[in-house]
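Enquirer: Here is the input, now give the coordinates:
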Amino acid sequence: MLLYDKHIPAGAEDGTPVLILLHGRGSDKNDLMGLQPGLPPEFAMLTPRGPFSGSEWGYGGGFAWYRYLGGTTPDPAPFEHSMAELEQFLSALPEILAFTPGPIVIGGFSQGGTTATAFALSHPAAVSGVLLFSGFIASHPSIAVTPESTNELRMFWGHGTYDQMIPFQFAVDGRAQLNAISADLEARDYPIEHQISPKELADASQWLRSFVPAGIGAVR
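Expert: Just a heads-up that it's a prediction; the model follows:
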């Protein structure tokens, strides 16, 4: 199973919402845990590590979810392997957390956000929300943007208008696919490059608050 870091809020119980954030290529499981203080304290947070060494594909000393082939296309074999690993990881959540999770939001930054979005679209009803920072909708036969794949799925998509790693046009094109089927999408643009700004984190945190069930609380 995927290695991971976790944050469990004090007083976590059955129904506590869960946020799973996937790191970008060449990074590691501890990277996005740094966002936790800026997110709603009621959430349990898990940051799994990509199953592949980034060095074999020239991504540095960290890890990756797939090999990038260009445009919006992942190498199919590692991409499908990561989908299977994430499916196993979500199935193990009650054991990992020691409680039955409430709403599950999956997301991430860059390659991690792309992978999280792909998982949600290819596994309808597996999660309640997608938190996408600076990614895209992957071109792969298993990924379809349809009313069925987005049924009861809510999405937040933040992207920098000056992003040179994952061009802003990828966000424009992906959001257009979602809007064409009237998906529940909150799209936010920021005058930044390939990064997460404090304003973006605050907007994402506000969006996440609606997933907290009534009566669920936490003490930092």
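
Enquirer: which ones are touching the residue nearest to A138 when sequence neighbours are not counted?
Expert: Leaving aside its chain neighbours, A138 sits nearest to A118 (4.7 Å; criterion: CB to CB, 6 or more residues apart in numbering). All C-beta atoms are positioned from the backbone trio N, CA, C, and that covers glycine. Counting by CB atoms under 8 Å, 6 or more residues apart in numbering, A118 makes contact with 79, 83, 137-138, 140, 142-143.

Enquirer: Buried members of those residues into PyMOL, please.
Expert: A single PyMOL command selects the buried members of those (16 or more other CB atoms under 10 Å):
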select buried, resi 79+83+137+138+140+143
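
Enquirer: gap between the residue nearest to A138 and P48?
Expert: With distances taken as CB to CB, to the nearest Å, A118 is found 15 Å from P48.

Enquirer: picking that back up, in helices, which of the contacts of A118 appear?
Expert: 79, 83 (DSSP state H).

Enquirer: roughly how far apart are the nearest residue to R67 once chain neighbours are set aside and V145?
Expert: Distances taken as CB to CB, 6+ apart place D75 nearest to R67, at 3.9 Å, with adjacent residues excluded. Separation of D75 from V145 (CB to CB): 21 Å.

Enquirer: between these two, which one's more packed in?
Expert: V145 (18 against 15; other CB atoms under 10 Å).

Enquirer: and the residue lying closest to that one once chain neighbours are set aside, which of the three is it?
Expert: Excluding its sequence neighbours, the residue lying closest to V145 (CB to CB, 6+ apart) is Q177, at 4.4 Å. Three-state call for Q177 (DSSP: H, G, I helix; E, B strand; the rest coil): helix.

Enquirer: ditto for W157
Expert: W157 ends up strand, using three-state DSSP.

Enquirer: Could you shift the numbering so residue one becomes 40, and keep it that way?
Expert: Will do, 40 is the new start, and the previous item becomes W196.

Enquirer: Report how many residues lie close to it.
Expert: W196: 24 neighbours (other CB under 10 Å).

Enquirer: which residues does it bridge with?
Expert: For W196, the beta-bridge partners are L171, A226 (DSSP bridges).

Enquirer: per-residue pLDDT, the residue nearest to V184?
Expert: Confidence at Q216, expressed as pLDDT, is 98.
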